[in-house]
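*Asks:* Structure here, sequence nowhere to be found:
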């Protein structure tokens, strides 16, 4: 498993297209966004991820211009767009309910934005045909939205927004209403499309897996605050907050206090001995004071079973509590021998003859400093 | 008036139902069903009658003679027990067998009536083939009311209606009875029996008159509303009761006149319908109305003379042309519709 | 068996309540009167009379024209009001909507009297115009003429125009308006290309209510129309209520029914959902 985020170099080279600076949004006394700073880079696929009520859609609506920030600024190419009305912003939206005009045929829906701009009839015709071809709906131009399936409507909404060649495409949980299979297909389709048109996509979802598969970067929101922004692997392997550490799949979180620094790693003191964790990409953890309460996050698949002593940075004697076969992967639950109240989860690829361990076995697990991260409390 | 909508619906339903089902329902016991003009079933009398006879009383008021006829004919007389009708109208009910001959011995209070009403054979229109069909109980005029502020000298002739000076200040009842009144105004020989030519002339004159009219009114209340609204100088079809109602509402500047061509007079009678349910109650009601106390109250409240006490100040009764049956009711309804539908200007 | 009875009830009851009276009218319209008696023999007598006599057909056309005019005016006034109501938010919206519904619950006759006293020569409107110096003296322009019929019918039927339009406006998802703006449309463009077409079904429903009620109403024209107040409905009423010529009245009603049913079908066709079927 590579420890460094693979996108790190790419993102660094991109330029900021849109920037939210200190944005707050209040409805009456309810604050739905708090001091949000977010830079969206040109050409990226950025996903805003969070549970419902976390403020992710609010960010999208602020960018689209449907609502105005209570304070703070939104800058596009360095210029504030807060005073710019919706219909003059160079962004287009794919709505959660698609918002297709029911009284217009597919052709007319897709042509709508061009008509508004007074584009010539012939040009509209050819551009609509091209846009429908891109979303593989060439045959459906004469139909009304009510005559299309959910996935088809979704693609019409995409074509209608993309035909205007927006600088940013805003997608508000566009896959939420689709069934699992169609959803996977649309995910693939959207990713391919984004690479082809090279438009900046800002995609809102509450589905972690979707976010991880599709995005260049993910912005994790919680209760109106940005928890962490970064490429999927970074969020997965090097979470900075307990929320992010617990948000994507299973994770082992071991409590301890910060100890001394040692090059690119720090010591974390735990009840079952000292652990070492790398601090690359985690400047807060690297700089935090000794003695601070932290958690060490380590993914179940990064834990090794029965490594030879001295071959891992971190080593722990355990007793196997349970081995569970769940298909391609098997789960192993182990308790620390020194502190039986501390449990760890391991994931290993299943093998036909079993993994060679059984409940009750005494063994050890280990992992390297680069395979875990320090999460500040 | 306020029941017009409901009435139209009821009519529609009745039309459908008579076509489908035919027969009317039988009357309930101990109930008196009254059909007639507003005011004739006064709330106080109804209350007293209910108490004395331990009976239910249902009251249906009508707005025009034709409406009453439509109600009676529509149910073949089975929906009502007693009915008030004027002597000119009574004949068609008698001819169609919608009312029953009366047994006057069941109306002992007839003894209270004035001499002129004792021999009913001498009252036109109440007897046929020696049988009596109606007991008179009230009478009055149908003439003209004018506003003494707007018209300084009292008009003497019906020709005032055509005077352009009063354009838009005249209201007239929406009733084909006005054809009789206008025939009288035009001094036609027999206003109840017109020739084709006379009717043609009458129709043309009334269509002319429309240019001068403000509106056709449908009920007493409607006419009062028009008056209150202002700009009404003449109320055609005015009567004693109307004057009283106007006075009660604070308008003292109104006067009832009988133009030189004469006015119409009516005598209302009580009849018992062919479909009468409780006959004893029907006679009891008629007898009750002829009690001196009740009849006097009628005059007091409606300003119409009754048949029990000598009227005061009714010096114009000799100028009245008493209502008689017309030659063809349907013809007159149609002519009236044509007049109303004729284009104006 | 019980299912059969249920189906029979479901089909039979509407048939009995709607079709049977229609059928009764239709049958009656082919009968005729002899004096005060109905002759139950089929003939075209009434229909011939309808086209030959010079009062009924012109009256009918005049009444259709009146109903169309009322409908047109009600659309022109009602639509902006409905839009206004739909733009209101929260409590103010429902308070205002209620304000437009309440008149529907009031007695029709009382409303007519009230309007008559507002429009009359001594009425509120004239007094206001004189007091504000717009007029030198009260005008008879508002009462007892065709204008008064138009004004009164429009005011009385306006709620029935406003409510369906309001409902259809309310049913337009907000996201459609946002999508339109998002695609670059100015609010005016959005109104003409999204709001107006999507609210047309409401306009059609309101217009058919208004037209059907206006064409059949005879009370309002009689009460406020002065000499112009005789309408087709009044002629129908007079055949039942005064002339006692039910067959002819039924025939006149059949003509009215045909127009009303035609109006309903036209409305259903105009208001049909787009794209619901291929």
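*Replies:* Right, received. Where do you want to start? Since the structure is predicted, the reported quantities are computational estimates derived from the model, not experimental observations.
*Asks:* Give the burial count for residue B:165, as a bare number.
*Replies:* Counted by other CB atoms under 10 Å in any protein chain shown, the residues lying close to residue B:165 total 10. C-beta coordinates here come from the backbone N, C-alpha and C atoms, glycine included.
*Asks:* for residue C:170, what are its contacts?
*Replies:* In this structure, residue C:170 makes contact with residue C:86, judged by CB atoms under 8 Å, 6 or more residues apart in numbering or on different chains.
*Asks:* What distance do you get for it to residue C:181?
*Replies:* Shown here: residue C:170 relative to residue C:181, a distance of 19 Å by CB to CB, to the nearest Å.
*Asks:* Same check on residue C:111?
*Replies:* Applying CB to CB to residue C:111 and residue C:181 gives a distance of 41 Å.
*Asks:* of those two, who's got more company?
*Replies:* The residue with more neighbours, out of residue C:111 and residue C:181 and counting by other CB under 10 Å, is residue C:181; that gives 24 against 16.
*Asks:* Report all helices and strands that the one helix or strand the more buried one maps to contacts.
*Replies:* In this assignment (DSSP states H and E), residue C:181 forms part of helix C:174-182. Counting contacts by 3 or more CB pairs under 8 Å, 6 or more residues apart in numbering or on different chains; DSSP states H and E, helix C:174-182 packs against strand A:91-94, helix C:187-190.
*Asks:* And chain A, is the last one touching that?
*Replies:* What that stands for is helix C:187-190. Yes: in this structure, helix C:187-190 sits against chain A according to CB under 8 Å from any CB of the partner chain; the contacting residues are residue C:189.
*Asks:* circling back to that earlier point, to residue A:175, which of the helices and strands packed on helix C:174-182 lies closest?
*Replies:* Of all the helices and strands packed on helix C:174-182, it is strand A:91-94 that lies closest to residue A:175, at 10.0 Å by CB to CB.
*Asks:* Please identify the pairing partners of that closest one and their relative orientation?
*Replies:* Sheet pairing here is set by DSSP bridges, and for strand A:91-94 it gives strand A:168-172 (parallel).
*Asks:* Run the angle between the partner strand and helix C:174-182 for me.
*Replies:* Relative orientation of strand A:168-172 with respect to helix C:174-182: 180 degrees, computed using axes from the mean of the first three to the mean of the last three CA atoms, to 10 degrees.
*Asks:* hang on, residue B:131 packs against residue B:101?
*Replies:* Yes: between residue B:131 and residue B:101 there is a contact under CB atoms under 8 Å: 3.8 Å.
*Asks:* State which helix of chain C is the longest.
*Replies:* For chain C, the helix with the greatest residue count under DSSP state H is helix C:56-87.
*Asks:* and that one, how far out from the chain's middle?
*Replies:* A distance of 8 Å separates the C-alpha centroid of helix C:56-87 from that of its chain, computed with CA atoms, centre = their mean, to the nearest Å.
*Asks:* Show me what it packs onto, helices and strands only.
*Replies:* Counting contacts by 3+ CB pairs under 8 Å, 6+ apart, helix C:56-87 is packed against helix B:329-341, helix C:45-52, helix C:90-105, helix C:146-170, helix C:196-216, helix C:232-241, helix C:246-270.
*Asks:* and the ones you listed, which is most packed in?
*Replies:* Of all the helices and strands packed on helix C:56-87, helix C:232-241 has the most neighbours on average by mean count of other CB atoms under 10 Å in any protein chain shown, namely a mean of 25.
*Asks:* still on that earlier bit, deepest in the core, which of the helices and strands packed on helix C:174-182 is it.
*Replies:* Mean neighbour count (mean count of other CB under 10 Å) peaks for strand A:91-94 among these, with a mean of 26.
*Asks:* So what touches whichever helix or strand comes after it?
*Replies:* The helix or strand immediately downstream of strand A:91-94 is helix A:106-116, counting by DSSP H and E. Applying CB under 8 Å, 6+ apart, the set of residues contacting helix A:106-116 from outside is A:87, A:92, A:100-101, A:104, A:123-124, A:127-128, A:131-132, A:137, A:140-145, A:148, A:156, A:159-161, A:163-164, C:180, C:183-186, C:189, C:193.
*Asks:* In helices only, show me those.
*Replies:* Among the contacts of helix A:106-116, the ones falling in helices (DSSP H) are A:123-124, A:127-128, A:131-132, A:156, A:159-161, C:180, C:189.
*Asks:* now the end-to-end length of stretch C:4-22.
*Replies:* Between the opening and closing residues of stretch C:4-22 lies a distance of 26 Å (CA to CA, to the nearest Å).
*Asks:* Go through that stretch and flag the buried ones.
*Replies:* residue C:21 (16 or more other CB atoms under 10 Å in any protein chain shown).
*Asks:* just the helices in chain B please.
*Replies:* With DSSP H as the criterion, chain B has helices spanning B:4-20, B:43-53, B:65-75, B:87-95, B:177-185, B:196-210, B:220-228, B:240-248, B:279-289, B:292-302, B:329-341.
*Asks:* Tabulate those helices in CSV, adding columns for distance to residue A:345.
*Replies:* Formatted as CSV, the entries for the helices of chain B read as follows, by distance: least, CB to CB, whole Å:
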stretch, distance to residue A:345
helix B:4-20, 78
helix B:43-53, 91
helix B:65-75, 90
helix B:87-95, 102
helix B:177-185, 103
helix B:196-210, 100
helix B:220-228, 89
helix B:240-248, 97
helix B:279-289, 97
helix B:292-302, 100
helix B:329-341, 94
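*Asks:* Quick one: name the residues of chain A near chain C.
*Replies:* So chain A meets chain C at A:64-66, A:85-88, A:91-93, A:95-97, A:99-103, A:105, A:112-113, A:116-117, A:143-147, A:160-161, A:164 (CB under 8 Å from any CB).
*Asks:* Any quick ChimeraX command for the buried ones out of the contacts of helix A:106-116?
*Replies:* Remark: buried members of those, expressed as a ChimeraX selection using 16+ other CB under 10 Å:
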select /A:87,92,100,101,104,124,127,128,131,132,137,140,141,143,144,145,148,156,159,160,161,163,164 /C:180,183,184,185,189,193
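*Asks:* If you count residues, where's the longest helix of chain A?
*Replies:* Secondary structure assigned by DSSP H gives helix A:180-197 as the longest helix of chain A.
*Asks:* Just the closest residue of the stretch 201-350 of chain A to chain B, please.
*Replies:* At 56.9 Å from chain B, residue A:204 is the closest residue in the stretch 201-350 of chain A, using CB to the nearest CB.
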